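S.K.: Test case, fold it:
(one chain, ligands or ions: 2)
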Amino acid sequence: MSVFFGAIADDFTGATDLAAMLARAGVAVNLRIGIPDSTDDLAPFEVIALKSRTLPREDAVSQVRAALKWLRGAGAERIFWKYCSTFDSTAQGNIGPVAEAMMTDMGVSQTVYCPAFPENGRTVYNGYLHVGDQLLSESPMKDHPLTPMRDASLTRLLRPQVRREVGAIHLPTIRAGAEAIEAAMMRLAEANVAHVVVDAIASEDLDAIAAAVHDLPLLTGGSAIAQSLPELYAQAGALSRPAAPATPPSLSAGSVVLSGSCSAMTRVQVGAYLDQAKGFRLDPLELASEGVLPARRWLAAQDIDAPKIIYATAEPATVAAAQEKLGVARAGVLVEDALAQLALDARNLGVGRIVVAGGETSGAVTRKLDIDRLAIGPEIAPGVPWTFCKSDDKDLAITLKSGNFGSPNFFAEALALLERV
Ligand SMILES: Nc1ncnc2c1ncn2[C@@H]1O[C@H](COP(=O)(O)OP(=O)(O)OP(=O)(O)O)[C@@H](O)[C@H]1O
Ligand SMILES: O=C(O)[C@@H](O)C(=O)CO
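M.R.: Ligands and ions are numbered 1, 2, ... in the order given. Below is the predicted model:
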């Protein structure tokens with residue numbers, strides 16, 4: 001079998017989010033952690049999870065290029081570049097530089113940028129990204145530990161990241177339907193606009209955009225636009241493979257929640273779970289002085305079947321204070337390394353169900369657990385599926401939750417759902 005559709009995600013929760021949306025659309029998806037060594041056991045839809053969101057630009061570009069080469073070598077002619085629905089990036093990138101490098105490698109002159117995910121409250125209107133009823137720049141994303149988003153204009157965010165022209169298609173044209181969108185894309189192409197930001201405030205807008213652009217070899221965006229694609233490919237006769245849902249392995253009962261996300265929703269979720277679970281708080285300053293041993297001892301002393309959470313999740317002022325003393329990168333790495341080590345300990349203690357909050361955190365955890373492939377299981381919340389995998393030959397269920405996704409009781413809901421499948 002060769003790959004039909006290949007996607008590259010700039011973080012791990014983003015990759016499971018995209019894989020969940022494709023699985024929801026009824027296609028078989030493989031989620032790979034990093035670039036695979038071989039092209040064995042291909043699925044028609046392959047998603048490669050990278051941890052490139054906050055890498056130096058050149059490193060992100062070279063990792064994505066290698067992933068693109070693998071996907072195209074495996075047969076993929078339709079490529080998707082998945083970034084965050086809140087357009088998480090630094091002033092230098094990496095969304096734009098990566099897209100531009102992919103365009104060069106694929107010989108493509110135009111692509112769209114569609115981060116909107118209305119089901120999760122991310123909408124784009126007049127080129128401005130909103131989170132719920134707030135502009136991105138006024139939302140809690142303005143205080144993100146690694147990629148604080150201080151502007152909501154997607155064209156303004158993108159322009160300094162790319163060399164070619166940036167343009168936009170606004171809602172009246174989107175609402176006029178697929179043909180109007182195609183015509184607008186052509187007009188922009190004639191004006192040499194390579195990067196087209198599209199408005200979308202509802203799922204119908206995503207359907208119209210997908211209908212207009214599904215034939216482009218390269219699409220970019222959040223996960224929501226991808227949900228409309230399989231049906232369009234099937235209608236065009238290009239795809240006819242029903243998916244078999246992943247069967248959960250037999251898992252040991254123990255569970256742990258590991259949270260390195262400081263997003264507003266994760267803070268609420270951690271607070272809610274602490275009402276019913278035992279908790280250990282990681283502090284980067286303590287990690288710098290004492291290491292992770294106290295947390296490892298705490299975990300080893302817990303009842304394996306009891307609900308428990310280890311979290312570095314903290315309010316913006318606490319995060320800022322730690323970053324001031326340790327530097328942003330070191331504070332992040334101390335927490336990520338600690339949570340990754342604790343995930344390994346949990347697995348070795350016989351825990352079979354692991355909930356991870358945060359994209360960077362998920363990258364660190366899955367790497368430490370040496371997981372190279374995840375099968376997509378049931379969706380817990382929009383964009384957050386359970387996944388099943390092997391780590392050191394042990395069966396694990398792991399969910400990688402994007403910082404701001406899920407309801408306030410997400411952690412308990414996730415574990416309860418696993419009881420029912
Ligand atoms: N108390 C803390 N002080 C400083 N940095 C922290 C603290 N807690 C977590 N971090 C770091 O903040 C970063 C959070 O990023 P992460 O991607 O894991 O979460 P997120 O951005 O909320 O999730 P997503 O990318 O899925 O939206 C990580 O690098 C983590 O190590
Ligand atoms: O698109 C989103 O919001 C998520 O999949 C994500 O990328 C979080 O890191």
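
S.K.: So the protein: which segments form each domain?
M.R.: In terms of domains, the chain is parsed into 5-236, 255-419 (source: the TED database).

S.K.: Any part of the last one near ligand 2?
M.R.: Yes: contact of domain 255-419 with ligand 2 (C-beta under 6 Å from any ligand atom) involves 359, 383, 402. The C-beta positions use only the backbone N, C-alpha and C, and glycine is treated the same way.

S.K.: Would you confirm that residue 165 contacts residue 196?
M.R.: No: if you go by C-beta atoms under 8 Å, residue 165 and residue 196 don't touch, sitting 9.5 Å apart.

S.K.: out of the two, which sits in the more crowded spot?
M.R.: residue 196 (23 against 15; other C-beta atoms under 10 Å).

S.K.: Wasn't the more buried one part of a strand?
M.R.: Yes: under DSSP: H, G, I helix; E, B strand; the rest coil, residue 196 sits within a strand.

S.K.: hang on, residue 245 in a helix?
M.R.: No: the assignment for residue 245, made by three-state DSSP, is coil rather than a helix.

S.K.: Check what pLDDT the closest residue to residue 292 other than its chain neighbours gets.
M.R.: Of all residues not flanking residue 292 in the chain, residue 338 sits nearest, at 4.3 Å (C-beta to C-beta, 6 or more residues apart in numbering). On pLDDT, residue 338 comes in at 98.

S.K.: Quick check: next helix or strand after the helix or strand hosting residue 338?
M.R.: Per DSSP states H and E, residue 338 falls inside helix 328-349. On the C-terminal side of helix 328-349, the closest following helix or strand by DSSP H and E is strand 353-357.

S.K.: Contacts for that following strand, please.
M.R.: 251, 253-261, 266, 269-270, 311, 313, 339, 343, 346-347, 362, 365, 396-401, 403, 411, 414-415, 418 (C-beta atoms under 8 Å, 6 or more residues apart in numbering).

S.K.: In strands only, show me those.
M.R.: Members of those lying in strands (criterion: DSSP state E): 255-259, 311, 396-401.

S.K.: Kindly reformat these as CSV containing neighbour count.
M.R.: Putting the ones in strands among the contacts of strand 353-357 into CSV (neighbours: other C-beta atoms under 10 Å) gives the following:
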residue, neighbour count
255, 24
256, 26
257, 27
258, 28
259, 29
311, 26
396, 23
397, 23
398, 25
399, 31
400, 29
401, 31
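
S.K.: now, which of those residues sits nearest residue 220?
M.R.: Within the ones in strands among the contacts of strand 353-357, proximity to residue 220 (C-beta to C-beta) peaks at residue 400, which comes in at 20.9 Å.

S.K.: quick one: that closest one and residue 9 touch, right?
M.R.: No: with contact defined as C-beta under 8 Å, residue 400 does not reach residue 9; the gap is 10.7 Å.

S.K.: just to revisit the earlier point, for ligand 2, see how far away the residue nearest to residue 292 is.
M.R.: Distance from residue 338 to ligand 2, counting by C-beta to the nearest ligand atom, to the nearest Å: 20 Å.

S.K.: what's the answer for residue 377, then?
M.R.: Per C-beta to the nearest ligand atom, residue 377 is found 17 Å from ligand 2.

S.K.: any chance you could read off phi and psi for that residue?
M.R.: Phi and psi for residue 377, reported as degrees, to the nearest 10, are phi -100, psi -160.

S.K.: The contacts of strand 353-357 also near ligand 1: which ones?
M.R.: Among the contacts of strand 353-357, ligand 1 is touched by 260-261, 266, 403 when using C-beta under 6 Å from any ligand atom.

S.K.: if you skip the residues just before and after it, what's nearest to residue 24?
M.R.: residue 227 (6.0 Å).

S.K.: Am I right that that neighbour is in a helix?
M.R.: Yes: under three-state DSSP, residue 227 sits within a helix.
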